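> return atomic coordinates for the entry below.
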Amino acid sequence: MLRDWLMSYHPEELFDENGKLIPELKALAPVGDRKIGSNPHANGGKLLRDLRMPDFRDYGIEVPAPGAVEAQDMVELGGFVRDIFKLNEDAHNFRIFGPDETMSNRLGKVFEETNRDWNNELLDTDEFLAHDGRVMDSFLSEHMCEGWLEGYLLTGRHGFFASYEAFIRVVDSMCAQHAKWLKVCNQLPWRQSIASLNLILSSNVWQQDHNGFTHQDPGFLDHISNKKADVVRLYLPPDTNCLLSCFDHCIRSRNYVNVLVTSKHPRPQWLTMEQAVKHCTQGIGIWEWASNDAGEEPDIVMACCGDTPTLETLAAVTILREALPELKIRVINVVDLMKLQPSTMHPHGLADAEYNALFTKDKPIIFAFHGYHTLIHELTYCRENRNIHVFGYKEEGTITTPFDMRVQNEIDRFSLVKNAVQNLPQLGNRGSYLIQKMNDKLVEHKQYIHEYGIDLPEVRDWKWHVPEAK
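Sure thing, here's the model as predicted:
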């Protein structure tokens, strides 16, 4: 029956005596760019052209000293993106995609150069709508906007997706599928590289103002970090200059899924542009100006990753150094999250010797992290130094003050000091008194926000300073 069915197609008319397709039929197959895998519509990297880019350094913040000025990271990034639009106006190869949040995510400066794309009637009361706009955010659908971006990249163009951090989770599976597709394409020499899928996560977990628990979810980092190491990159710049450096790198890159977690609220600025470029190029480093262990072994390592954890870690360091001046503290900031993985597991990872040189082999590490603490444990589980104590988001949240969000999740400065002291038993009685002082501060904080609805003046007005022993 099988033979009869196959022979009904008359293979003797389709193939020669050697079993090869006859020339007349072979000629019907497309050639060159008409092949399905070579067609520019399906292999958009053939059409890809580099963006004309302004120098990101021109958009940096002047930082005369660490923490001396405040700025909104996403506002300044908006100026940089605005001028990318300006330089590529005639190429029509760069767009922003996002679900109705461009202004909320503080990218409003882009509307000085372009508008939201709109294909319906225009009214005098419309805000930044045009039939030729290059910002795709006119309605609230993460699926649609992320899908648009993927199609835009696959046809040889550039862009990024900007979303509230909590709601990037809506497109978890779409981003995962794109990462898997890139992983396979990297194994196919005929596939041309495309611009990276760049995802900016702002309006993040640590400050929601009028939004609450529903808008607090940093888990996209966990989701993407598990994808193929050759494809995924995760960056958490602590200030404006670092964000500009990281974004410039991401928007120029090819064949990656780049995730940038950013702040949109006024924040202290820590690094000059020169320092930021060096720091972001390395992805991790000791902040010497915040440390006091130079030339000696540290007693403790205070590590941080993310804008809010960085702020709270530095504040905790000032408390520790003022109360316990003999304590030798090393401050480490992480921008490139995958630096924490071993180099055998991720191309950006540190070799064991490099990791030990930073974090030591056995000193206690107090690590304040932007997301769920378990991710840091997963990334560092095979490192030699097991004396690591990670503090991050633990599903505690509501509509409350910015500092109270940190207190509820125990990444605030007072809790970090307590945990540091508890892991330094050599402090003895002196440590006990400092822990009591921190407990008192936490009670004071709760009473103050209950009465006034805002954070303590010493929290709101805190500035970095070189601590002096009391």
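> and the longest helix anywhere in the chain, what's buried?
Determined from DSSP state H, the single longest helix within the chain is helix 429-452. Buried positions in helix 429-452, judged by neighbour count with 16 or more other C-beta atoms under 10 Å: 431, 434-435, 438, 441, 445, 448-449. From N, CA and C alone the C-beta is placed, and that goes for glycine too.
> try stretch 80-94
The neighbour-count check on stretch 80-94 (16+ other C-beta under 10 Å) flags 80-85, 88, 93-94 as buried.
> repeat that for stretch 21-34.
Buried residues in stretch 21-34 (16+ other C-beta under 10 Å): none.
> if I look at Asn186, how far off is Gly159?
For Asn186, the distance to Gly159 (C-beta to C-beta, to the nearest Å) stands at 21 Å.
> per-residue pLDDT, Glu378?
On pLDDT, Glu378 comes in at 96.
> give me the phi and psi angles of it.
Main-chain torsions, Glu378, degrees, to the nearest 10: phi -60, psi -40.
> how about the buried residues of helix 429-452 in a markdown table, adding pLDDT and distance to Lys278?
As requested, the buried residues of helix 429-452 are exported to a markdown table (pLDDT from 0 to 100; distance: C-beta to C-beta, whole Å):
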| residue | pLDDT | distance to Lys278 |
| --- | --- | --- |
| Gly431 | 91 | 35 |
| Leu434 | 95 | 34 |
| Ile435 | 95 | 37 |
| Met438 | 97 | 34 |
| Lys441 | 97 | 35 |
| His445 | 97 | 36 |
| Tyr448 | 97 | 40 |
| Ile449 | 96 | 39 |
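> could I get these as TSV with distance to Gly212?
Below are the buried residues of helix 429-452 laid out as TSV (distance: C-beta to C-beta, whole Å):
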residue	distance to Gly212
Gly431	36
Leu434	33
Ile435	31
Met438	27
Lys441	25
His445	19
Tyr448	20
Ile449	15
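> just checking: what are the partner strands of the least confident helix or strand in the chain by mean pLDDT?
Least confident helix or strand of the chain, by mean pLDDT, DSSP states H and E, is strand 129-130 with a mean of 91. Strands that pair with strand 129-130, judged by DSSP bridges, come out as strand 116-117 (parallel).
> any idea of the mean pLDDT for the partner strand?
Per-residue pLDDT values over strand 116-117 give a mean of 93.
> does Asn333 really touch Trp289, like I thought?
No. Using C-beta atoms under 8 Å, Asn333 makes no contact with Trp289, being 11.1 Å away.
> just the buried positions in stretch 312-332, please.
Neighbour-count burial for stretch 312-332, counted by 16+ other C-beta under 10 Å, picks out 312-321, 323-324, 327-332.
> again, but for stretch 124-141
Buried residues in stretch 124-141, counted by 16+ other C-beta under 10 Å: 128-129, 133-138.
> return the residues in contact with His346.
His346 makes contacts with 229, 338, as judged by C-beta atoms under 8 Å, 6 or more residues apart in numbering.
> that one and Asp336: what is the separation?
Distance, His346 to Asp336, by C-beta to C-beta: 10 Å.
> intersection of neighbour lists for the two?
Common contact partners of His346 and Asp336 (C-beta under 8 Å, 6+ apart): none.
> follow-up on the earlier one: which SSE is immediately downstream of the least confident helix or strand of the chain?
Using DSSP states H and E, the helix or strand that directly follows strand 129-130 along the chain is strand 135-136.
> of Asn186 and Gly159, who's got more company?
The residue with more neighbours, out of Asn186 and Gly159, is Gly159; 21 against 14, by other C-beta atoms under 10 Å.
> neighbouring strands - and their directions - for the strand or helix carrying that one?
Applying DSSP H and E as the criterion places Gly159 in strand 158-164. Its sheet considered, strand 158-164 pairs with strand 94-97 (parallel), strand 197-202 (parallel) by DSSP bridges.
> other SSEs contacting the helix or strand just after it?
Per DSSP H and E, the first helix or strand lying C-terminal to strand 158-164 is helix 172-185. Helix 172-185 sits against helix 142-154, strand 197-202, helix 220-225, strand 257-261, with contacts defined as 3 or more C-beta pairs under 8 Å, 6 or more residues apart in numbering; DSSP states H and E.
> list the buried residues of helix 172-185.
Buried-residue list, helix 172-185, by 16+ other C-beta under 10 Å: 174-176, 178-179, 182-183, 185.
> what mean pLDDT does that helix get?
pLDDT averaged over helix 172-185 gives 96.
> that one: how far from the chain's middle?
Distance of helix 172-185 from its chain centroid, counting by C-alpha atoms, centre = their mean, to the nearest Å, is 18 Å.
> then stretch 108-125?
Distance of stretch 108-125 from its chain centroid, counting by C-alpha atoms, centre = their mean, is 28 Å.
> what do you get for stretch 216-234?
9 Å.
> just the CA trace of it, in CSV.
Extracted as CSV, the C-alpha positions of stretch 216-234 are listed here (Å, rounded to 0.1, in the frame of the first residue of the first chain):
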residue,chain,number,x,y,z
GLN,A,216,6.6,45.9,42.3
ASP,A,217,8.3,43.0,40.6
PRO,A,218,12.0,42.8,39.6
GLY,A,219,11.7,39.2,38.5
PHE,A,220,12.5,39.8,34.8
LEU,A,221,16.2,39.7,35.7
ASP,A,222,15.7,36.1,37.0
HIS,A,223,13.8,35.1,33.9
ILE,A,224,16.4,36.5,31.4
SER,A,225,19.5,35.4,33.3
ASN,A,226,18.7,31.8,32.7
LYS,A,227,18.8,32.2,28.9
LYS,A,228,21.9,31.3,26.9
ALA,A,229,25.0,33.1,28.2
ASP,A,230,26.1,33.9,24.6
VAL,A,231,22.9,36.0,24.2
VAL,A,232,21.8,37.7,27.4
ARG,A,233,23.3,40.8,29.1
LEU,A,234,22.0,42.5,32.2
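> the chain should start at 29 in everything you say after this.
Okay, residue one is now 29; in that scheme the one you just asked about reads as stretch 244-262.
> so which bits of it are buried?
By 16+ other C-beta under 10 Å, the buried positions in stretch 244-262 come out as 244-249, 251-253, 255, 257, 259-262.
> take the buried residues of stretch 108-122 and lay them out in a markdown table including pLDDT and secondary structure.
Output for the buried residues of stretch 108-122, formatted as a markdown table (pLDDT from 0 to 100; DSSP: H, G, I helix; E, B strand; the rest coil):
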| residue | pLDDT | secondary structure |
| --- | --- | --- |
| Phe108 | 98 | helix |
| Val109 | 98 | helix |
| Arg110 | 98 | helix |
| Asp111 | 98 | helix |
| Ile112 | 98 | helix |
| Phe113 | 97 | helix |
| Asn116 | 97 | coil |
| Asn121 | 96 | coil |
| Phe122 | 97 | strand |
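> so which of the strands paired with strand 186-192 comes closest to Asp44?
Closest to Asp44 of these, according to C-beta to C-beta: strand 225-230, at 46.8 Å.
> and the closest one with helix 170-182, angle?
Between strand 225-230 and helix 170-182, the angle comes out at 140 degrees (axes from the mean of the first three to the mean of the last three C-alpha atoms, to 10 degrees).
> let me see the contact set for the nearest residue to Asp364 once chain neighbours are set aside.
Among residues not flanking Asp364 along the chain, Gly311 sits closest, at 2.9 Å (C-beta to C-beta, 6 or more residues apart in numbering). Counting by C-beta under 8 Å, 6+ apart, Gly311 touches 362-364, 366-367, 376.
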